[in-house]
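coords please:
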Amino acid sequence: MVACVQGSFATRAVEGTRFTDVRQVAETGSTNRDLLAEAAAGAPEGVVLVADHQTEGRGRLDRTWEAPPGASLLVSVLLRPTLAPQDAFLVTAAGAVAACQACNEVAGCFPGIKWPNDLVIVAGDRFAGRKLAGILAESVVSDGRLGAVVLGMGLNVNWPEVLPAELADTATALDHVVGHPVDREALLVAWLRHLEGWLAALETAQGRGALVERVRELSATLGRRVRVEQPGGSVQGRAVDITEAGHLVVAPDGDVEPLELTVGDVIHLRHHG
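Modelled structure (predicted):
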């Protein structure tokens, strides 16, 4: 990680939240990896790392995630929630809901959540279904306890007019959707403020239930025909629920009982059949 700048506008703008240490770097390998190292070294909750460029950014299943320098909001936060390890998915959910809210607040674009951890455009236009952001939470578990969670997000903000060929049909950026540049730092501040509220909600059963219900409301997957790719094969059917444990319930084609899926790659099918 190269030299970082601290005490930014963002730090002042999120006063009163747990995010008291906002750091910005021009380039790093992975903001998540950097904060996992900080967590291992005993850093407290609330460290935020923002990079203009990541050279080794990762998504779920160790997929690479790379954006042109300055084009995306690349951010990770170090959290130490009082959750059981099996409930760490709630941190991902909080990050996703907060991101939807921040996009709406700053850019007037309200994306949906594609299970389990992507943001996609849901409006009925040429960008519908395209990926806007990926969210990755990595947990540090010791002696059966959740010691820390690093929550990372790569959100496409101001991308070149012409996307790389390999992304042209599957991804988009906020500026493409709304037709003008979007302030990355304003997005960061809005995300952190909304995230603070949802993280506070995780401290009660009622708040955790409210978060899961909000995920259902914002889901771009529920009600859709989907194919879920898993290591042992695929399941095709209709996505009918997201459980309190964050699992996706799919009613398979044919006279088959609904299946509760804990992991898998979801493909939204464009038509019936």
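
How many neighbouring residues does V22 have?
27 (other C-beta atoms under 10 Å). For every residue, glycine as well, the C-beta is placed using N, CA and C.

what's the helix or strand hosting it packed up against?
Using DSSP states H and E, V22 falls within strand 21-28. Packing partners of strand 21-28 (3 or more C-beta pairs under 8 Å, 6 or more residues apart in numbering; DSSP states H and E): strand 4-6, helix 9-13, strand 47-54.

rerun at 7 Å
On a contact count with 3 or more C-beta pairs under 7 Å, 6 or more residues apart in numbering; DSSP states H and E, strand 21-28 meets strand 4-6, strand 47-54.

where among those is the average confidence lowest?
Among the helices and strands packed on strand 21-28, strand 4-6 carries the lowest mean pLDDT, at a mean of 54.

picking that back up, can you lay out the helices and strands packed on strand 21-28 as TSV showing distance to V157?
Compiled in TSV, those are given as follows (distance: least, C-beta to C-beta, whole Å):
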stretch	distance to V157
strand 4-6	19
strand 47-54	11
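
quick revisit: what strands flank the strand holding V22, and is each parallel or antiparallel?
When sheet partners are counted by DSSP bridges, strand 21-28 sits next to strand 4-6 (antiparallel), strand 47-54 (parallel).

Among these, which comes closest to H194?
Taking C-beta to C-beta as the criterion, strand 47-54 is the member of these that comes nearest to H194, at 13.9 Å.

Could you give the separation of the closest one from the chain centroid?
Relative to its chain's centre, strand 47-54 lies at 15 Å (C-alpha atoms, centre = their mean, to the nearest Å).

what residues does it touch?
Strand 47-54 is contacted from outside by 19, 21-31, 34-35, 38, 66, 69-70, 74-78, 188, 192, using C-beta atoms under 7 Å, 6 or more residues apart in numbering.

Show me just the buried residues among those residues.
Listed as buried from the contacts of strand 47-54 are 19, 21-25, 28, 30-31, 34-35, 38, 74-78, 188, 192; burial here means 16 or more other C-beta atoms under 10 Å.

returning to what we had before: after the strand holding V22 comes which helix or strand?
Counting by DSSP H and E, what follows strand 21-28 is helix 31-40.

packing partners for that next one?
Going by 3+ C-beta pairs under 7 Å, 6+ apart, helix 31-40 lies up against strand 47-54, strand 72-79, strand 131-142, strand 145-156.

and the angle for it with strand 131-142?
Angle, helix 31-40 to strand 131-142, by axes from the mean of the first three to the mean of the last three C-alpha atoms, to 10 degrees: 20 degrees.

hmm, back to that, and the helices and strands packed on helix 31-40: which comes nearest T243?
Closest among the helices and strands packed on helix 31-40, using C-beta to C-beta: strand 131-142, at 17.8 Å.

Just the C-alphas of that closest one, formatted as PDB.
Taking Å, rounded to 0.1, in the frame of the first residue of the first chain, the C-alpha atoms of strand 131-142 are listed here in PDB:
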ATOM      1  CA  LYS A 131     -23.800  -5.000 -12.800                       C
ATOM      2  CA  LEU A 132     -23.000  -1.800 -11.100                       C
ATOM      3  CA  ALA A 133     -21.100  -3.000  -8.000                       C
ATOM      4  CA  GLY A 134     -19.700  -6.000  -6.200                       C
ATOM      5  CA  ILE A 135     -19.500  -6.400  -2.400                       C
ATOM      6  CA  LEU A 136     -17.200  -8.700  -0.600                       C
ATOM      7  CA  ALA A 137     -17.100  -9.300   3.200                       C
ATOM      8  CA  GLU A 138     -14.200 -11.400   4.600                       C
ATOM      9  CA  SER A 139     -14.400 -12.600   8.200                       C
ATOM     10  CA  VAL A 140     -11.700 -13.200  10.700                       C
ATOM     11  CA  VAL A 141     -12.800 -16.100  13.000                       C
ATOM     12  CA  SER A 142     -10.800 -17.200  16.000                       C
END
